[in-house]
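> sequence below, structure please.
(one chain, ligands or ions: 1)
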Amino acid sequence: MKFIIDTEENIAKKAAQRYVEILNRKPDTVLGFATGSTPLGLYAELQRLNAAGALSFKDVTTFNLDEYAGLDGSHDQSYRYFMDHNLFMGVDIDRSRTHVPSGLDIAAAADYDRQIKEAGGIELQLLGIGNNGHIGFNEPGTPIDSITHLVDLTEMTRKANARFFASLDEVPTQAVTMGIKTVMNARSIMLMALGKGKADIVKKSFTGPVTPEVPASILQLHPFVEIYLDYEAASML
Ligand code: PGA
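Below is the predicted model:
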């Protein structure tokens with residue numbers, strides 16, 4: 001594991017440079033994207049670099065980590081909507097090559113890993129980390145051999161995400177997420193965490209024992225992981 005620790009602004013810039021390198025080397029790369037507040041700076045930077053001609057998404061294929069069960073892609077809290085509005089509409093990507101698990105057709109989840117494999121596998125998977133160590137929506141206790149599946153969201157996760165909804169009651173109770181094995185199959189992984197609130201779980205995940213109770217700790221077993229942290233998130237390391 002490699003740690004990159006800097007200001008929030010520089011983290012976004014440095015992470016974006018990884019995409020410049022990869023896409024200039026292999027324009028038809030398969031990328032795994034994530035939602036949440038954490039990647040917003042990176043996504044803004046990718047849009048800026050794309051507009052400046054430093055990288056192109058023209059031949060890129062993407063797979064997102066997860067989606068709320070029950071939300072259609074046109075719902076403004078769906079992760080499809082998030083990706084369209086925070087990245088895809090701002091870059092030269094072919095939207096038909098962007099994949100987000102369906103929140104409505106839950107049975108399709110069973111096919112998501114096959115689709116990823118058929119596309120050539122994910123070259124770089126971006127991850128955030130939940131306060132309980134979840135990656136994607138793989139909550140504590142998720143088996144390490146899990147592939148894309150339907151999950152019940154914990155109260156902690158629903159409360160953490162309630163800030164985006166009118167009330168806690170409106171936060172879906174289930175989601176479809178890539179499994180731990182799906183994530184671990186990516187050839188390289190970039191995890192980002194920002195802010196003091198993530199310091200404790202960052203410490204537990206990357207300096208503590210590898211355990212399904214802290215899903216992100218499994219990343220210690222992956223051969224190519226980069227952890228991008230601002231100074232606050234790194235403060236307990
Ligand atoms: P956040 O979410 O980026 O909004 O903190 C991260 C996550 O829950 O994976």
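
> residue 181 against residue 146, yeah?
Yes. Assessed by CB atoms under 8 Å, residue 181 is found in contact with residue 146 at 5.8 Å. (Each C-beta comes from the backbone N, C-alpha and C, glycine too.)

> and the two? which has more neighbours close in?
For residue 181 versus residue 146, neighbours defined as other CB atoms under 10 Å are more numerous around residue 146 (20 against 17).

> do I have it right that that one meets residue 180?
Yes. Counting by CB under 8 Å, residue 146 does reach residue 180; the two are 5.2 Å apart.

> between these two, what contacts are shared?
Shared contacts of residue 146 and residue 180 (CB atoms under 8 Å, 6 or more residues apart in numbering): residue 138.

> can you name the residue of the chain nearest to the ligand?
Closest residue of the chain to the ligand, CB to the nearest ligand atom: residue 36 (2.7 Å).

> that residue sits in which helix or strand?
Using DSSP states H and E, residue 36 sits in no helix or strand.

> so who does the residue nearest to it when sequence neighbours are not counted touch?
In space, and not counting its chain neighbours, residue 36 is closest to residue 128: 4.4 Å by CB to CB, 6 or more residues apart in numbering. When contacts are counted by CB under 8 Å, 6+ apart, residue 128 touches 34-36, 38-39, 135, 191-193.

> switch the cut-off to 10 Å
34-39, 65, 134-136, 191-194, 198, 216 (CB atoms under 10 Å, 6 or more residues apart in numbering).

> cool, residue 75 as well?
In this structure, residue 75 makes contact with 68, 81, 103, 172, judged by CB under 10 Å, 6+ apart.

> tell me the helix or strand right after the helix ranked longest in the chain.
Longest helix in the chain by number of residues (criterion: DSSP state H): helix 8-25. Note on helix 8-25: by DSSP H and E, the next helix or strand toward the C-terminus is strand 30-33.

> quickly run through the sheet partners of that following strand, with directions.
strand 61-64 (parallel), strand 124-127 (parallel) (DSSP bridges).
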